[in-house]
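J.: Structure for the following, please:
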Amino acid sequence: MDVNYRKITKTDYNKCADVLVAAYSGDPWYNTWTPEEALLRIEATMSGFNAKGYVVELDGEIIGMCLGRIDYYYSNWSQFIVDEFNVLPNFQGKGVGAKLLDFVSNLLKQDKIERMFLITGGSMAAKFYEKNGFDKSDDGTMMTMELQI
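T.: All right, here's what the predicted structure looks like:
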């Protein structure tokens, strides 16, 4: 088995859309993404000048991804905001995601990015991130507002 971690390219987007659809289809999300919606999400996430994306391949097939963007603050402080982190369900729990996080964090450190930030739902996902070095933050409150359309 040949496992490869690398930066994403535009030619990866369709396969990454398949990974996103599969990853969200089961526990704990049970989301019914269409391939078109998933591709739009990936294209939108990767369209910014500050976007960064990474994939993990097994024998040349993409089995996971980490997509996000650099968020810039005063005093040259910056963080990587993870917008999508997905691993195909049959590869979850086998260290693929942990190694992908390690790969991404090492590249970000080289770029002097000071921290990673994400918002997740579900206790399974939170446990994964905590197990891999993330801490729950008390720095704010996640808020939403429904718009009447």
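J.: buried residues in the lowest-mean-pLDDT helix or strand in the chain?
T.: Across the helices and strands of the chain, mean confidence by mean pLDDT, DSSP states H and E is lowest for helix 123-131: a mean of 80. Residues of helix 123-131 classed as buried by neighbour count (16 or more other Cβ atoms under 10 Å): 128, 129. For every residue, glycine as well, the C-beta is placed using N, CA and C.
J.: Not counting its own residues, what contacts that helix?
T.: Identification of contacts with helix 123-131 by Cβ atoms under 8 Å, 6 or more residues apart in numbering yields 27, 28, 97, 98, 118, 120, 136.
J.: List buried residues within these.
T.: Buried, going by 16+ other Cβ under 10 Å: 97, 118, out of the contacts of helix 123-131.
J.: Where helices are concerned, which of the contacts of helix 123-131 count?
T.: Applying DSSP state H to these, the entries found in helices are 97, 98.
J.: Please work out which residues outside the strand ranked longest in the chain touch it.
T.: Secondary structure of the chain per DSSP state E: the longest strand is strand 61-72. Counting by Cβ under 8 Å, 6+ apart, strand 61-72 makes contact with 8, 12, 15-16, 19-20, 42, 45-46, 48, 50-57, 78-88, 91, 96-97, 100-101, 104, 113, 117-118, all of which sit outside it.
J.: need the helices for this structure, in chain order.
T.: Using DSSP H, helices in the chain cover 13-25, 35-45, 96-110, 123-131.
J.: Could you list the low-pLDDT ranges of this structure?
T.: The chain contains residues with pLDDT under 70 at 1.
J.: ok, back up a step: just the CA coordinates of the longest strand of the chain, formatted as CSV?
T.: C-alpha atoms of strand 61-72 as CSV (Å, rounded to 0.1, in the frame of the first residue of the first chain):
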residue,chain,number,x,y,z
GLU,A,61,-6.9,7.3,-5.0
ILE,A,62,-7.9,10.2,-2.7
ILE,A,63,-9.3,8.9,0.6
GLY,A,64,-9.2,12.1,2.7
MET,A,65,-8.8,15.8,2.6
CYS,A,66,-8.2,18.9,4.7
LEU,A,67,-9.4,22.2,3.2
GLY,A,68,-9.3,25.7,4.7
ARG,A,69,-7.9,29.2,4.7
ILE,A,70,-5.5,31.4,6.4
ASP,A,71,-7.1,34.0,8.6
TYR,A,72,-4.9,37.1,9.2
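J.: Okay then, goodbye and thanks.
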